[in-house]
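Undergrad: sequence below, structure please.
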Amino acid sequence: MPRISQIFELRKTQHELDFVDINPNRDIPVYLNPFVFASRSDPFSIDASRVIVSFFQHNLTLIKGGNVDAARANFQHLNEPNETCLGQSRHQPRGRGVGNDNADDLFDSIVNSEAVKTGLVEHLEDTAIFIPGIRRDKVSDMTTNIIRLNLIHYTQRQCALWGIPLAAGVPSGFFWDSNRMSWQQEHTDMLVIRRKKILLVPKGVVSYVKEFDASKFHRHHALVFLQEDHLRRNTNLVQVRHRRDGSSGPPFVTKKDLIRQELPDEKELLANFATKHPAIFADFRKSAAAKVESLPNAEFEEIDVRALSDHLISRLRAVQEGNQEAGTYHSLMTGILEFIFYPNLINPVKEREIDDGRKRIDISFDNGAPTEGFFYRLQHAFGIPCPYIFFECKNYSEDVANPELDQMTGRFSPNRGRFGVIVCRSIEDEALFLQRCADSYKAQRGLVVPFTDADIIEILEQKKLGITHYEDDILSDKARDVMNL
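TA: As a prediction, this is how the structure comes out:
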């Protein structure tokens with residue numbers, strides 16, 4: 001079966017789509033992991049993390065309070081989902097260890113774990129580090145069930161963005177309601193392909209889960225600590241290598257000796273070590289969080305970026321200015337913006353209603369910038385709130401002016417954000433428009449900058465040359481011009 005983009009004839013590559021462009025009959029070996037959500041600052045990840053934490057902490061509290069039956073009942077809905085098509089293939093032996101389709105096995109492995117009893121396991125993702133038989137695929141399955149409603153809402157928004165039809169009144173399947181602290185289900189609009197429910201997943205939040213892994217904690221943190229400890233105490237595991245001239249080299253302890261004599265790569269032993277040395281595990285979590293980043297588009301689809309850039313430039317130039325092709329321009333620009341700004345911007349929403357539906361924003365993205373780049377600096381260096389980044393696409397033949405600027409700033413708020421980009425074909429008198437943006441900024445109405453065809457084409461030309469983050473340079477220059485006028 002073809003991929004989602006082909007089934008619905010979107011004529012978009014993975015580089016232009018925010019969701020993982022799955023084949024509904026084949027799994028992709030990437031995963032959902034709570035550690036990734038907890039390490040990100042975009043609104044989608046923050047909300048998903050909140051739901052996951054509420055589920056796990058609630059059930060840990062039940063277990064510690066002796067209400068094991070209630071906690072066991074909550075684990076009955078953590079079955080193996082197939083709506084996302086993520087993880088290992090469902091059509092081959094999977095060797096999954098704990099839990100295959102048995103929620104009781106999964107629960108027993110957790111409730112009987114010493115790592116849980118001692119309080120070492122505080123987060124859902126920790127189970128894959130310390131509990132035998134639980135690996136990244138099982139954690140991904142649990143995560144999918146818990147945040148099913150988040151994924152349903154994401155799927156609905158993406159389908160609205162690209163005109164993909166949904167089936168009405170479909171049973172959602174169980175999801176965790178963090179307000180009621182219970183499992184709920186409802187009938188809602190869902191993507192159904194050949195009678196199979198499909199949940200789309202943002203490509204920016206999936207992972208191979210390579211950094212937050214038991215073997216990484218074992219080899220690069222626990223064993224390193226033990227090497228230093230043995231050297232400090234000068235134990236019998238310390239060796240010295242003698243040089244040919246008779247001198248001695250620096251003392252050392254091999255990881256092979258430590259694995260054989262003190263800390264084999266076994267989860268129960270690793271849990272005992274972490275219980276004795278909690279600071280080492282805390283350092284591991286901090287180190288792993290700093291390495292969390294979105295997978296590049298090339299991990300999902302191999303494509304000639306030069307050819308795609310040329311294609312997008314050609315299509316942009318072919319769109320006629322004016323209302324008649326406004327829809328074409330909007331759709332094209334959505335894909336281009338995704339291509340240009342991923343992974344710093346994710347989760348695009350078309351014509352997002354605000355203020356109880358009285359106002360609309362052409363496209364809004366979640367700000368997923370990690371610890372650097374223009375969208376990160378906006379908030380942390382310039383103090384401009386921007387959890388969402390707003391784009392207004394104007395396929396005008398004349399210059400944008402005060403009405404378009406007022407339309408954008410009228411939609412700002414501290415919670416939504418105070419930065420927006422007006423995307424338009426060209427501006428004959430850009431100096432005048434920048435002055436208008438500066439006047440608005442000085443009046444504390446928010447920061448708005450223009451983005452023209454010339455800017456977009458320049459960025460795409462740079463992408464052809466393999467130059468990244470050029471879009472940051474252009475936005476930084478425009479923002480600087482506005483703020484300093």
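Undergrad: now R40, nearest residue through space, not along the chain?
TA: Nearest residue to R40, sequence neighbours excluded (C-beta to C-beta, 6 or more residues apart in numbering): G368, at 6.4 Å. The way it works is simple: take the backbone N, C-alpha and C, and place the C-beta from them, glycine included.
Undergrad: then S294?
TA: P343 (3.4 Å).
Undergrad: looking at it, the residue nearest to R40 is touching P348, isn't it?
TA: No: assessed by C-beta atoms under 8 Å, G368 is found out of contact with P348, at 11.3 Å.
Undergrad: hang on, the earlier thing: what sits against the residue nearest to R40?
TA: G368 makes contact with 40-42, 45, 204, 294, 343-347 under the criterion C-beta atoms under 8 Å, 6 or more residues apart in numbering.
Undergrad: now, of the residues you listed, which are buried?
TA: For these, a burial check counting by 16 or more other C-beta atoms under 10 Å picks out 40, 42, 45, 204, 294, 343-347.
Undergrad: what about F374, distance to C386?
TA: Using C-beta to C-beta, to the nearest Å, we find F374 at a distance of 10 Å from C386.
Undergrad: next one: P403
TA: Relative to C386, P403 is positioned 23 Å away (C-beta to C-beta).
Undergrad: so between those two, which is more surrounded?
TA: Comparing P403 with C386 by other C-beta atoms under 10 Å, the one with more neighbours is C386, at 21 against 8.
Undergrad: how far does the helix or strand containing W183 sit from the chain's center?
TA: Assigned by DSSP states H and E, W183 belongs to strand 182-184. Its chain's C-alpha centre and that of strand 182-184 lie 25 Å apart, by C-alpha atoms, centre = their mean, to the nearest Å.
Undergrad: mean confidence score for it?
TA: Here strand 182-184 scores 98 as its mean pLDDT.
Undergrad: burial count for G169?
TA: By the criterion of other C-beta under 10 Å, G169 has 9 neighbours.
Undergrad: that one: which element?
TA: Assessed by DSSP H and E, G169 sits inside strand 167-171.
Undergrad: what helices or strands is that strand leaning on?
TA: Where contact means 3 or more C-beta pairs under 8 Å, 6 or more residues apart in numbering; DSSP states H and E, strand 167-171 is packed against strand 187-193.
Undergrad: check which element follows whichever strand or helix holds R260 along the chain.
TA: Using DSSP H and E, R260 falls within helix 255-261. Later in the chain than helix 255-261, the nearest helix or strand by DSSP H and E is helix 267-276.
Undergrad: need the residues that contact that next one.
TA: With contact meaning C-beta under 8 Å, 6+ apart, helix 267-276 is reached by 113-115, 118, 120, 129-132, 214, 217-218, 222, 263, 280-281.
Undergrad: packing partners of the helix or strand just after that helix?
TA: Where DSSP H and E defines the elements, the next helix or strand beyond helix 267-276 is helix 278-290. Packing partners of helix 278-290 (3+ C-beta pairs under 8 Å, 6+ apart): helix 34-39, helix 214-217, helix 267-276.
Undergrad: alpha carbons only: can I get the longest one in PDB?
TA: Taking C-alpha atoms only, helix 267-276 is exported to PDB below (Å, rounded to 0.1, in the frame of the first residue of the first chain):
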ATOM      1  CA  LYS A 267      18.900  -4.400  34.600                       C
ATOM      2  CA  GLU A 268      18.400  -5.600  38.200                       C
ATOM      3  CA  LEU A 269      22.100  -5.000  39.000                       C
ATOM      4  CA  LEU A 270      21.900  -1.600  37.200                       C
ATOM      5  CA  ALA A 271      18.900  -0.700  39.400                       C
ATOM      6  CA  ASN A 272      20.800  -1.600  42.500                       C
ATOM      7  CA  PHE A 273      23.700   0.500  41.400                       C
ATOM      8  CA  ALA A 274      21.400   3.500  40.600                       C
ATOM      9  CA  THR A 275      19.700   3.200  44.000                       C
ATOM     10  CA  LYS A 276      23.100   3.500  45.700                       C
END
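Undergrad: and the angle from it to helix 278-290?
TA: Interaxial angle, helix 267-276 versus helix 278-290 (axes from the mean of the first three to the mean of the last three C-alpha atoms, to 10 degrees): 110 degrees.
Undergrad: what's the mean pLDDT across helix 267-276?
TA: Helix 267-276 comes out at a mean pLDDT of 97.
Undergrad: may I see the buried residues of that helix?
TA: 267, 270-274.
Undergrad: okay if I get the residues you listed as TSV plus distance to L199?
TA: Below are the buried residues of helix 267-276 laid out as TSV (distance: C-beta to C-beta, whole Å):
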residue	distance to L199
K267	30
L270	33
A271	33
N272	38
F273	38
A274	34
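Undergrad: what mean pLDDT does stretch 283-291 get?
TA: The average pLDDT within stretch 283-291 is 96.
Undergrad: contacts for it?
TA: When contacts are defined by C-beta under 8 Å, 6+ apart, stretch 283-291 is touched by residues 35, 38-39, 211-212, 216-217, 220-221.
Undergrad: next: stretch 159-171.
TA: With contact meaning C-beta under 8 Å, 6+ apart, stretch 159-171 is reached by 4, 8, 10, 12, 17, 156, 158, 185-192, 197, 200, 331, 334, 348-350.
Undergrad: go again with 7 Å.
TA: Contact partners of stretch 159-171, identified using C-beta atoms under 7 Å, 6 or more residues apart in numbering, comprise 8, 10, 156, 185, 187-192, 197, 334, 348-350.
Undergrad: can I take it that V449 is in a strand?
TA: Yes: counting by DSSP: H, G, I helix; E, B strand; the rest coil, V449 is found in a strand.
Undergrad: look up which residues are beta-bridged to it.
TA: With DSSP bridges as the criterion, V449 is bridged to V421.
Undergrad: my read: it touches A479, true?
TA: Yes: with contact defined as C-beta atoms under 7 Å, V449 counts as touching A479 (5.7 Å).
Undergrad: show me the domain layout of this protein.
TA: As given by automatic domain parsing, the domain ranges for the chain are 4-205, 214-290, 304-484.
Undergrad: could you dump these into TSV with distance to A298 added?
TA: Below are the domains of the chain laid out as TSV (distance: least, C-beta to C-beta, whole Å):
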stretch	distance to A298
domain 4-205	9
domain 214-290	23
domain 304-484	9
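Undergrad: returning to what we had before: from the contact counts, what lies against the strand holding W183?
TA: Where contact means 3 or more C-beta pairs under 7 Å, 6 or more residues apart in numbering; DSSP states H and E, strand 182-184 is packed against strand 175-177.
Undergrad: the strand it packs on pairs with which strands, and in what direction?
TA: strand 182-184 (antiparallel).
Undergrad: how much space between C85 and K442?
TA: Distance check for C85 against K442: by C-beta to C-beta, it reads 50 Å.
Undergrad: got it, and V205?
TA: The spacing between V205 and K442, counted by C-beta to C-beta, is 37 Å.
Undergrad: next one: stretch 152-172 to chain centre, how far?
TA: Taking the mean of its C-alpha atoms, stretch 152-172 sits 20 Å from the chain's own mean (C-alpha atoms, centre = their mean).
Undergrad: end to end, how far does it reach?
TA: One end of stretch 152-172 sits 8 Å from the other (C-alpha to C-alpha, to the nearest Å).
Undergrad: of the contacts of helix 267-276, which is the nearest to H77?
TA: I131 (19.2 Å; C-beta to C-beta).
Undergrad: which residue packs closest to Q407, ignoring adjacent ones?
TA: E392 (6.8 Å).
Undergrad: pLDDT at S309, what is it?
TA: Reported pLDDT for S309: 97.
Undergrad: with adjacent residues omitted, what lies nearest to it?
TA: S309 sits nearest to L460 (C-beta to C-beta, 6+ apart), 4.3 Å away.
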